[in-house]
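Undergrad: here is the input, now give the coordinates:
(2 chains)
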Amino acid sequence: SAVISQKPSRDICQRGTSLTIQCQVDSQVTMMFWYRQQPGQSLTLIATANQGSEATYESGFVIDKFPISRPNLTFSTLTVSNMSPEDSSIYLCSARSGPWETQYFGPGTRLLVL
Amino acid sequence: GENVEQHPSTLSVQEGDSAVIKCTYSDSASNYFPWYKQELGKGPQLIIDIRSNVGEKKDQRIAVTLNKTAKHFSLHITETQPEDSAVYFCAASSEEYGNKLVFGAGTILRVKS
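TA: Prediction:
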């Protein structure tokens, strides 16, 4: 299994600012993803982080708002730009690992925008 | 695209009883069905998964059953314990849609001691 860590674990930010979340996996993985989980809700896929190329965004999410980097096979960042209170959520990093490409999740970053 | 419905939204059981959570999916091409447990303040943790070539899978007190014809799958937890209290999410994916997981809405399980 893959062990995924995220930094920061939580943050309180002012509207209009940006926050970059880091995700580190303990082994090389092919696929990395970023999800959003709004309070009391299920998980929504933001984008697939592609190594060495632009991320693939899901409907409703755009690169200007959620720029993503993936410089190598173990690390990715998600930036939440020009934040508003509606961006208050848990942001989860995820990766597929192992012969069956099982998907694992990090502990999440809890973001509150005031 | 895929749509996954999960029931019930909340479930309260007495310690030692069994708990069953059911999910239905819409895409007959879906072939992978994981279950995640999310405790308060933590990320989702994979607890069991099943692929479409298998009808049932067990791991100690946890089991998952799959009915491809009816397009539904269920999580069974026996001899529930207070530490089983959490939110449980089912998910489905298919190769047709890049194996992206589509999640159910979640079930809050409360085990009363």
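Undergrad: packing partners of the lengthiest strand in chain A?
TA: The strand that spans the most residues within chain A, counting by DSSP state E, is strand A:89-97. Counting contacts by 3 or more Cβ pairs under 8 Å, 6 or more residues apart in numbering or on different chains; DSSP states H and E, strand A:89-97 is packed against strand A:4-7, strand A:19-25, strand A:32-37, strand A:75-80, strand A:102-105, strand A:109-113. Glycine gets a C-beta too; all of them are placed from N, C-alpha and C.
Undergrad: tell me which parts of chain B are close to chain A?
TA: Within chain B, the residues that sit near chain A (Cβ under 8 Å from any Cβ of the partner chain) are B:34, B:36, B:41-46, B:49, B:89, B:98-101, B:103-106.
Undergrad: what number of residues lie near residue 93?
TA: If you meant another chain, say so; for now it's chain A. 28 (other Cβ atoms under 10 Å in any protein chain shown).
Undergrad: correction: the question concerned chain B.
TA: 23.
Undergrad: for residue B:44, same thing?
TA: Residue B:44 - counted by other Cβ under 10 Å - has 29 other residues nearby.
Undergrad: and the nearest residue to it once chain neighbours are set aside, what does it touch?
TA: Distances taken as Cβ to Cβ, 6 or more residues apart in numbering or on different chains put residue B:36 closest to residue B:44, at 3.7 Å, once the chain neighbours are dropped. Under the criterion of Cβ atoms under 8 Å, 6 or more residues apart in numbering or on different chains, the neighbours of residue B:36 are A:105, B:44-47, B:88-91.
Undergrad: swap in residue A:64?
TA: Going by Cβ under 8 Å, 6+ apart, residue A:64 touches residue A:81.
Undergrad: how about it, phi and psi?
TA: When quoted as degrees, to the nearest 10, the phi and psi of residue A:64 stand at phi -60, psi -30.
Undergrad: quick one: pLDDT of it?
TA: On pLDDT, residue A:64 comes in at 97.
Undergrad: gap between it and residue A:53?
TA: In this view, residue A:64 and residue A:53 are 17 Å apart by Cβ to Cβ, to the nearest Å.
Undergrad: one more: residue B:14?
TA: For residue B:14, the distance to residue A:53 equals 52 Å [Cβ to Cβ].
Undergrad: now do residue B:13
TA: Counting by Cβ to Cβ - residue B:13 and residue A:53 are separated by 47 Å.
Undergrad: ok, residue A:76 next?
TA: Relative to residue A:53, residue A:76 is positioned 13 Å away (criterion: Cβ to Cβ).
Undergrad: in terms of neighbours, single out the busier of those two.
TA: Neighbour count, other Cβ under 10 Å: between residue A:76 and residue A:53, residue A:76 has more, with 27 against 8.
Undergrad: what's across from that one in the sheet?
TA: residue A:23 (DSSP bridges).
Undergrad: show the model's pLDDT score for it.
TA: 97.
Undergrad: surely it meets residue A:91?
TA: No - Residue A:76 sits out of contact with residue A:91 when judged by Cβ atoms under 8 Å, with a separation of 11.6 Å.
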